[in-house]
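S.K.: Fold the stuff below for me.
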Amino acid sequence: NEQTGNRPWIGSVERVAVYDRPFTPADVVQAYKSDGLGSNFNGVAALFEFTEGEGSLIHDTSGDQPGTNLELPTFYYNEGTQDFLGLMPRDVTDVIHSFLIFFPFGFLLFSNLSEVFDGANLQSVVIAFLATVLFSLSAESLQYYVEARTSSLFDLASCIAGGVSGSLAAIAFKRFRQVS
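M.R.: Numbers count the residues shown, from 1 in each chain. As a prediction, this is how the structure comes out:
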């Protein structure tokens, strides 16, 4: 899983072997190329094949006696505590940060566009909104390649909300300046 807990692993475990010695780098390469239990891999202390298909007990099939069995838990507990809207506390701070980062972006973008297009018209609003969406989508998409960062639709929505709120604040500020 990611450090943020947003991307759980969706694979399966087929076999776990515990050896009575550490593997050398050559052993690791050979185990990867074979089934991991070839003739060069003596010293299996415990072997668990996850092929039984039912029940909560996984039997040790290494042949060593007495065998050590694994018991699967009946439920899994996520140690994080959910908060606002069912989000983890880190998710809430991500939403706030995304909003706060994109608020000035929307404000400055709309302010400049309204100068280019002579006032707060529909064209300025549409271009500011589309630019905010594209920039937000780009920023969230790039997070896929950053270690320990994840992107989500909720983050994207908070970026867009920040940019749109900044644009609305720029409209209000411009109207306030015209009245004064």
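S.K.: can you map out the strands along the protein?
M.R.: Taking DSSP state E, the strands of the chain run over residues 15-19, 44-49, 57-58, 70-71.
S.K.: would a markdown table of these with mean neighbour count be doable?
M.R.: The C-beta positions use only the backbone N, C-alpha and C, and glycine is treated the same way. Converted to a markdown table, the strands of the chain look like this (neighbours: other Cβ atoms under 10 Å):
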| stretch | mean neighbour count |
| --- | --- |
| strand 15-19 | 15 |
| strand 44-49 | 17 |
| strand 57-58 | 14 |
| strand 70-71 | 11 |
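S.K.: of all those, which lies closest to S111?
M.R.: strand 15-19 (59.6 Å; Cβ to Cβ).
S.K.: Low-confidence regions, this protein specifically.
M.R.: Residue ranges of the chain with pLDDT under 70: 1-7, 35-41, 53, 64-65, 74-91, 119-120, 147-151.
S.K.: same thing but at 50, please
M.R.: Scanning the chain for pLDDT under 50 picks out the ranges 77, 82-84.
S.K.: my guess is C159 contacts S136, does it?
M.R.: Yes - counting by Cβ atoms under 8 Å, S136 is a contact partner of C159 at 3.6 Å.
S.K.: Give me the more crowded residue out of the two.
M.R.: C159 (28 against 23; other Cβ atoms under 10 Å).
S.K.: still on that earlier bit, need the strands of the chain in a markdown table with distance to A172, can you?
M.R.: Below are the strands of the chain laid out as a markdown table (distance: least, Cβ to Cβ, whole Å):
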| stretch | distance to A172 |
| --- | --- |
| strand 15-19 | 61 |
| strand 44-49 | 64 |
| strand 57-58 | 63 |
| strand 70-71 | 62 |
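S.K.: Could you say which one of these comes nearest to D94?
M.R.: strand 15-19 (34.6 Å).
S.K.: okay, the angle between that closest one and strand 44-49?
M.R.: Angle, strand 15-19 to strand 44-49, by axes from the mean of the first three to the mean of the last three Cα atoms, to 10 degrees: 170 degrees.
S.K.: residue at max distance from the center of this structure?
M.R.: S180 (47.1 Å; Cα atoms, centre = their mean).
S.K.: V164 and V133 touch, don't they?
M.R.: No - using Cβ under 8 Å, V164 is not in contact with V133; the gap is 9.2 Å.
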